[in-house]
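> Need a 3D model of the sequence below.
(one chain, ligands or ions: 4)
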Amino acid sequence: MKRHYSIIVFLMVFVLLGCPPPQKARKKMPRIFALSYTMITGKEPSYLITDDFNRDNIPDLVVANSGDHSFSFYKGLGDGTFKDQLVYQTGRDPICLVSGDFNEDGYTDIAELNYADQSIQVFLNTRLGSFQRTEQLIKPGKIPINMALGDFNSDGNIDMVVTLRFSNVAVILGKGNGFFKEPYIMDVKGQPTAVVVGDYDQDGKTDVAVALAGNGNKGVQILWGKGDGKFEGSKAFKGGKQPLSLVSLDVNNDGLMEFVTSSNSLHALTTLVNNGDKTFTSLRDFASGNFPKFVVAADFTGDGLQDIAVSNSTDDHISVSLGRGDGTFTYPPIYHKVDEHPQGMAVADFNGDGLLDIAVSSRDKNLIDILSKKNMINPKPDLHQKEPKSS
Ligand SMILES: [Ca+2]
Ligand SMILES: [Ca+2]
Ligand SMILES: [Ca+2]
Ligand SMILES: [Ca+2]
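Ligands and ions are numbered 1, 2, ... in the order given. Next up, the predicted model:
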């Protein structure tokens with residue numbers, strides 16, 4: 001598989017770089033992806049995640065249906081198609097999803113955040129291809145917006161961190177049995193929007209990064225983890241006009257994670273480079289499409305450099321910008337037409353050809369579009385090389 005992959009990568013690099021196009025054609029880069037599959041969701045699908053929930057090594061999808069207070073689960077079939085949705089009722093206005101093994105039984109579970117109810121609910125994996133909601137209704141605090149998972153107190157149990165609109169975040173420690181403790185609140189230096197989790201100073205302790213928008217500080221603040229569930233807030237590092245979404249990636253392959261923020265009002269993205277001394281320096285903003293909504297990072301071209309894809313909600317496009325390895329990205333972005341009002345995105349190899357695909361939810365059409373690699377030699381999935389299914 002790996003060998004196959006490098007050949008494909010080589011071909012791809014050759015296709016992309018091997019024969020330089022005439023100057024005029026350079027302006028419009030060839031598309032990387034083509035629409036390969038579409039499936040129906042609930043009303044106003046927004047946040048989208050992928051994980052392997054039934055342990056068959058095939059990525060599955062889960063989407064929040066914000067308009068009818070539910071989420072849909074789609075079992076991946078491995079050929080780029082999915083089984084019909086299983087719909088689960090949630091609280092009002094679900095806007096964020098995370099996946100993790102909350103009860104430590106080896107099967108990945110789901111937690112979803114209900115904006116209107118200001119609550120989080122956990123759905124445990126039954127191991128039979130379905131989910132069962134726990135009795136606990138988690139109340140993270142006022143106006144929760146986004147959440148992420150990590151083990152903040154180093155006890156091996158997955159914890160949650162939730163951004164609350166007015167200048168604070170909630171940390172909610174997991175008990176390891178699918179239930180969570182009471183939240184505790186920490187102040188941040190602005191109005192937090194997106195949150196991601198990682199070890200940004202490489203001290204072995206999990207940190208939290210929040211995007212700050214609204215009034216006051218704008219940019220990214222790091223909450224440096226102490227490993228015992230406590231954090232020390234950094235200053236706010238400038239990065240974007242009104243950053244609403246945040247992705248972490250290593251733009252320059254030095255092992256330290258950077259951030260890219262997207263600013264809705266500016267129609268632009270901003271890279272914050274990790275200096276390795278617990279500080280970050282932002283580079284010049286660069287253009288995305290209109291109203292960038294979600295950002296994902298992955299090496300779409302296989303050249304070893306991280307690229308980004310952005311859903312541009314009013315353009316009905318996702319734009320892909322290819323990483324140059326120094327925190328800058330190719331311009332102009334490569335636009336891919338999708339169904340109306342794209343929102344959430346998830347990246348995985350859905351069709352088993354060794355190349356990354358993108359799933360994107362279309363709010364106005366109640367659809368998920370699957371985009372797969374275009375103009376490439378897509379070998380048939382080699383079933384013999386697939387790992388044996390776990391029972
Ligand atoms: Ca589980
Ligand atoms: Ca923990
Ligand atoms: Ca750390
Ligand atoms: Ca780096």
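> per-residue confidence at whichever residue of the stretch 1-150 of the chain sits closest to ligand 3?
Closest contact between the stretch 1-150 of the chain and ligand 3, by Cβ to the ion, is at G150 (10.2 Å). C-beta coordinates here come from the backbone N, C-alpha and C atoms, glycine included. For G150, the pLDDT comes out at 98.
> is the closest residue to it other than its chain neighbours in a bridge, and if so with what?
Distances taken as Cβ to Cβ, 6 or more residues apart in numbering place V197 nearest to G150, at 3.8 Å, with adjacent residues excluded. Beta-bridge partners recorded for V197 (DSSP bridges): V208.
> gap between V197 and ligand 4?
17 Å (Cβ to the ion, to the nearest Å).
> try K365
Distance from K365 to ligand 4, by Cβ to the ion: 37 Å.
> what are the ranges of the strands in the stretch 51-200 of the chain?
60-65, 70-74, 86-89, 94-100, 109-114, 119-125, 131-138, 144-150, 159-164, 168-172, 184-187, 191-198 (DSSP state E, counting those that start in this stretch).
> Figure out which of those is closest to A359.
strand 60-65 (5.7 Å; Cβ to Cβ).
> Of all the strands of the stretch 51-200 of the chain, which one is nearest E258?
strand 191-198 (10.4 Å).
> quick one: contacts of that closest one?
145-150, 161-169, 206-216, 221, 243-248, 257, 259, 261 (Cβ atoms under 8 Å, 6 or more residues apart in numbering).
> Now do it against strand 168-172, angle only.
40 degrees (axes from the mean of the first three to the mean of the last three Cα atoms, to 10 degrees).
> coming back round to it: now the contacts of strand 191-198: which count as buried?
145-150, 161-164, 167-169, 206-213, 221, 243-248, 257, 259, 261 (16 or more other Cβ atoms under 10 Å).
> right, and the helix or strand after whichever strand or helix holds V360?
According to DSSP states H and E, V360 maps onto strand 357-362. The element immediately downstream of strand 357-362 (helix or strand, assigned by DSSP H and E) is strand 367-373.
> what about that following strand, distance to the chain center?
Centroid separation for strand 367-373 versus its chain: 16 Å, with Cα atoms, centre = their mean, to the nearest Å.
> now stretch 160-178
18 Å.
> That stretch close to ligand 1?
No. For stretch 160-178, no contact with ligand 1 is found by Cβ under 5 Å from the ion; the gap never falls below 7.1 Å.
> same thing with stretch 45-58?
No. Using Cβ under 5 Å from the ion, stretch 45-58 never reaches ligand 1; the gap is at least 9.3 Å.
> Only alpha carbons, please: show that stretch as CSV.
The C-alpha atoms that make up stretch 45-58 are tabulated as CSV, following Å, rounded to 0.1, in the frame of the first residue of the first chain:
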residue,chain,number,x,y,z
PRO,A,45,-26.0,20.0,8.1
SER,A,46,-23.1,21.9,9.7
TYR,A,47,-20.2,20.3,11.6
LEU,A,48,-18.8,17.2,10.1
ILE,A,49,-16.3,14.6,11.6
THR,A,50,-14.8,11.4,10.4
ASP,A,51,-13.5,8.4,12.5
ASP,A,52,-13.6,4.7,12.4
PHE,A,53,-16.4,3.9,14.7
ASN,A,54,-16.9,0.2,14.0
ARG,A,55,-13.2,-0.8,13.8
ASP,A,56,-13.2,-2.1,10.2
ASN,A,57,-10.4,0.4,9.2
ILE,A,58,-12.8,2.3,7.0
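> any idea of the mean pLDDT for that stretch?
Mean predicted lDDT for stretch 45-58 stands at 98.
> buried stuff in that stretch?
Buried, per 16+ other Cβ under 10 Å, within stretch 45-58: P45, S46, Y47, L48, I49, T50, D51, F53, N54, D56, I58.
> Break down the protein into its helices, ranges please.
In the chain, helices defined by DSSP state H lie at 2-13, 23-26, listed in chain order.
> Quick one: mean pLDDT over the longest one.
Averaging pLDDT along helix 2-13 gives 42.
> near ligand 2, which residues of the stretch 51-200 of the chain?
D151, N153, D155, N157, D159.
> same thing but 8 Å
D151, F152, N153, S154, D155, G156, N157, I158, D159, L173, G174, G176 (Cβ under 8 Å from the ion).
> where's the second one relative to A194, distance?
Look at F152 and A194: by Cβ to Cβ, to the nearest Å, they are 18 Å apart.
> same thing with the fourth one?
Taking Cβ to Cβ as the measure, S154 and A194 are separated by 24 Å.
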